[in-house]
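Colleague: Need coordinates for the following:
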Amino acid sequence: MAAMKPRTGDGPLEVTKEGRSLILRMPLEGGGRLVVEMTADEVRALADSLDAAVS
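Modeller: Now for the predicted structure:
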């Protein structure tokens, strides 16, 4: 049986640059994180979509 690890220290929403990619780390409700690797163009498209959604 695998050891159960507590879901603590998931951290804040963050974006870091690693090489040519941008890495988005988003905490999820209930624990864990969503990690997505994107290009700069994909980040711009996401930003435009989010801006349109909240405007």
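Colleague: Show me what counts as buried in stretch 13-31.
Modeller: 22, 24 (16 or more other C-beta atoms under 10 Å). Where C-beta positions appear, they are placed from N, C-alpha and C, glycine not excepted.
Colleague: Tell me the span between the first and last residue of that stretch.
Modeller: One end of stretch 13-31 sits 13 Å from the other (C-alpha to C-alpha, to the nearest Å).
Colleague: distance between that stretch and the chain's centre?
Modeller: With C-alpha atoms, centre = their mean, to the nearest Å as the basis, stretch 13-31 stands 3 Å off its chain's centre.
Colleague: who touches it?
Modeller: 7, 10-12, 33-40, 43 (C-beta atoms under 8 Å, 6 or more residues apart in numbering).
Colleague: Next, give me the two most distant ones among those residues.
Modeller: Using C-beta to C-beta, those reach their maximum pairwise distance at 7 and 40, which is 31.3 Å.
Colleague: And for residue 53, the neighbour number?
Modeller: By other C-beta atoms under 10 Å, the residues close to residue 53 number 7.
Colleague: who touches it in this structure?
Modeller: Contacts of residue 53 by C-beta under 8 Å, 6+ apart: none found.
Colleague: For the protein, which residues score under the pLDDT cut-off?
Modeller: 1-10 (pLDDT under 70).
Colleague: I am finished for the moment; much appreciated.
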